[in-house]
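Engineer: When you get a sec, could you give me coordinates for this:
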Amino acid sequence: MILEMKVPSPGESIKEVEIATWLVKDGDYVEKDQAIAEVDSDKATLELPAEASGIITLKASEGDAVAVGAVVCLIDTAAAKPSGDAPKAAPVAEAPKVEEKKPEAPKPAPVAEKTYATQAPSPAARKILEEKNIQPTDIVGTGKGGRITKEDAVNAVPSMGTPTGGNRGTERTKLSMLRRKVAERLVSAKNETAMLTTFNEVDMTAIYDLRAEYKDAFKEKHGLGLGFMSFFTKAVTRALQLYPDVNSMIDGQEKISYDFCDISVAVSGPKGLMVPVMRNAETLSFRGVEAEIKRLALRARDGQITVDEMTGGTFTISNGGVFGSMLSTPIINPPQSGILGMHNVVDRPIVRNGQIVIAPVMYVALSYDHRIIDGRESVGFLVAVKEALENPVEILMNGNPKKALEL
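Structural biologist: A predicted model of the protein is given here:
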């Protein structure tokens with residue numbers, strides 16, 4: 001029986017996927033539920049398991065875009081599993097046959113294959129190249145077999161060359177479906193929203209002091225690092241509740257507001273930028289935030305993120321500081337209306353109690369859709385985040401760090 005394997009639907013909005021990698025070869029024997037391919041959708045990379053055991057015949061190549069429901073391979077379920085341990089029959093000796101030798105016909109001399117790549121350009125093309133002082137080897141011909149035509153010579157531009165004689169090779173690779181979708185969404189965000197960015201700075205001294213005092217006990221108790229993200233997530237969810245317009249989005253001529261905070265966290269995965277979502281982040285403790293971020297980051301790194309885990313966020317946090325970014329204007333993640341950009345922490349002079357002191361300072365940025373969020377809400381939101389981060393014990397921990405950290 002020949003089983004047709006079709007592309008399953010990764011999600012309601014996904015109509016097409018791309019064959020990223022075949023994990024088996026044409027003609028291989030596969031077991032049921034064995035991963036046979038990795039497919040890229042516009043949101044995640046998913047594994048395609050075999051629906052039955054048998055000999056597989058591939059019907060699509062790596063890099064092909066195939067519609068959901070299309071046949072990508074056939075599995076011959078009647079084929080027996082090959083065994084490498086079956087005893088081989090001994091060869092039967094045959095009596096030698098005496099054959100009359102016939103004179104061999106003389107073999108024709110091999111003719112060198114004619115390739116235009118090794119031939120000189122056409123006379124007209126050569127003359128033009130000599131006038132331009134361009135070597136034929138510096139041009140890729142478009143004529144038959146790669147021959148340089150007169151038009152190629154006319155369009156050729158002299159290369160500046162490299163004094164050191166270094167390589168100047170180029171490589172062209174197809175963008176993955178995920179990367180193409182990210183590009184489309186970024187351009188869409190720039191073109192379809194009235195995006196503005198407001199900035200502020202955060203004195204991180206209080207958070208540094210808390211982490212220095214409790215990170216070892218937190219690690220020992222929970223098996224998790226006490227990072228910046230739990231503080232920022234708690235500060236953001238509090239600010240979203242104070243300024244609900246930032247936690248809203250536009251749908252046509254209507255505004256949708258949420259009484260929950262699903263925080264998207266931008267992480268860099270092997271296939272590009274991914275934005276998994278922490279559901280109901282406003283209900284999570286410091287330990288809960290750190291555990292969920294670690295879980296999602298590992299799944300993104302291993303390419304195991306599902307479409308559901310990347311859908312439905314109401315606000316995004318992006319931490320460019322892990323790559324050393326000092327300041328940036330993050331781009332909104334549609335259809336959301338706001339995104340907070342974190343940056344690196346640098347010792348800077350600040351004024352504290354009338355005195356100039358050196359403190360660890362982070363610049364923060366809020367990009368927002370001005371169609372739905374006014375200046376008062378955007379600035380007030382970012383100030384609320386700043387206040388919570390600079391006074392976390394009172395604002396985020398109710399004056400009891402040990403209880404808040406579950407120590």
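Engineer: Quick one: end-to-end distance for stretch 391-404.
Structural biologist: 14 Å (CA to CA, to the nearest Å).
Engineer: buried sites along it?
Structural biologist: For stretch 391-404, burial by neighbour count (16 or more other CB atoms under 10 Å) applies to Pro392, Ile395, Leu396, Met397, Pro401, Ala404. Where C-beta positions appear, they are placed from N, C-alpha and C, glycine not excepted.
Engineer: Output the residues you listed as a markdown table; include the columns distance to Val66.
Structural biologist: Listed next are the buried residues of stretch 391-404 as a markdown table, based on distance: CB to CB, whole Å:
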| residue | distance to Val66 |
| --- | --- |
| Pro392 | 50 |
| Ile395 | 51 |
| Leu396 | 48 |
| Met397 | 52 |
| Pro401 | 53 |
| Ala404 | 50 |
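Engineer: which residues touch Lys234?
Structural biologist: Residues near Lys234 by CB atoms under 8 Å, 6 or more residues apart in numbering: Phe286, Val289, Ala388, Pro392, Leu396.
Engineer: Tell me which of the residues you listed fall in helices.
Structural biologist: In helices, judged by DSSP state H, the following of those are found: Phe286, Val289, Ala388, Pro392.
Engineer: neighbour-wise, which of the residues you listed leads?
Structural biologist: Counting neighbours by other CB atoms under 10 Å, Phe286 leads the ones in helices among the contacts of Lys234 with 26 neighbours.
Engineer: returning to what we had before: save the contacts of Lys234 as TSV, and put in distance to Ala67 and pLDDT too.
Structural biologist: Below are the contacts of Lys234 laid out as TSV (distance: CB to CB, whole Å; pLDDT from 0 to 100):
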residue	distance to Ala67	pLDDT
Phe286	45	96
Val289	39	96
Ala388	48	97
Pro392	50	96
Leu396	48	96
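Engineer: Export those residues as CSV, with columns for distance to Val154.
Structural biologist: Converted to CSV, the contacts of Lys234 look like this (distance: CB to CB, whole Å):
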residue, distance to Val154
Phe286, 68
Val289, 63
Ala388, 65
Pro392, 68
Leu396, 68
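Engineer: Can you name the residues in contact with the lengthiest helix in the chain?
Structural biologist: Scanning the chain for the longest helix, with DSSP H as the assignment, gives helix 205-222. Residues outside helix 205-222 that contact it (CB under 8 Å, 6+ apart): 224-226, 228, 231, 286-287, 290-291, 359-360, 389-393, 401-402, 405-407.
Engineer: and these, which are buried?
Structural biologist: Buried among the contacts of helix 205-222 by 16+ other CB under 10 Å: 224, 226, 228, 231, 286-287, 290-291, 359-360, 389-390, 392, 401, 405.
Engineer: if we can go back for a sec, give me the distance from the longest helix of the chain to the chain's centre.
Structural biologist: Helix 205-222 sits 31 Å away from the centroid of its parent chain (CA atoms, centre = their mean, to the nearest Å).
Engineer: Could you list the paired strands of the lengthiest strand in the chain along with their orientation?
Structural biologist: Longest strand in the chain, counting residues (DSSP state E): strand 355-369. Looking at strand 355-369 with DSSP bridges, its partner strands are strand 195-203 (antiparallel), strand 338-342 (antiparallel), strand 345-352 (antiparallel).
Engineer: okay, these in TSV with mean neighbour count, mean pLDDT and distance to Thr173 next?
Structural biologist: Converted to TSV, these look like this (neighbours: other CB atoms under 10 Å; pLDDT from 0 to 100; distance: least, CB to CB, whole Å):
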stretch	mean neighbour count	mean pLDDT	distance to Thr173
strand 195-203	17	96	30
strand 338-342	26	95	29
strand 345-352	12	95	36
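Engineer: Which among those strands is found nearest to Asp76?
Structural biologist: strand 338-342 (50.3 Å; CB to CB).
Engineer: and the longest strand of the chain with helix 205-222, angle?
Structural biologist: 70 degrees (axes from the mean of the first three to the mean of the last three CA atoms, to 10 degrees).
Engineer: Mind listing what's buried along strand 355-369?
Structural biologist: In strand 355-369, counting by 16+ other CB under 10 Å, buried: Ala359, Pro360, Val361, Met362, Tyr363, Val364, Ala365, Leu366, Ser367, Tyr368, Asp369.
Engineer: same question, stretch 184-194
Structural biologist: Buried residues in stretch 184-194, defined by neighbour count with 16+ other CB under 10 Å: Arg185, Ala189, Thr193.
Engineer: where does the last one fall, phi/psi-wise?
Structural biologist: Dihedral pair for Thr193: phi -120, psi 160, per degrees, to the nearest 10.
Engineer: where exactly do the helices run in the stretch 1-150 of the chain?
Structural biologist: Listed in chain order, the helices of the stretch 1-150 of the chain (DSSP state H, counting those that start in this stretch) span 123-132, 150-155.
Engineer: what pLDDT, on average, does the last one get?
Structural biologist: Per-region confidence: helix 150-155 scores 81 on mean pLDDT.
Engineer: Output the contacting helices and strands for that helix.
Structural biologist: Helices and strands touching helix 150-155, by 3 or more CB pairs under 8 Å, 6 or more residues apart in numbering; DSSP states H and E, are helix 123-132.
Engineer: Check what contacts the helix it packs on and list those residues.
Structural biologist: 120-121, 135-136, 139, 148-150, 152-154, 156, 158.
Engineer: Name the residues of that helix that are buried.
Structural biologist: Ala125, Ile128, Leu129.
Engineer: just how off-centre is that helix within its chain?
Structural biologist: 47 Å.
Engineer: what do you get for stretch 185-201?
Structural biologist: How far stretch 185-201 lies from its chain's middle: 20 Å, per CA atoms, centre = their mean.
Engineer: Just the residues contacting it, thanks.
Structural biologist: For stretch 185-201, using CB under 8 Å, 6+ apart, the contacting residues are 327, 329-334, 361-371, 375, 378-379, 382-383, 385-386.
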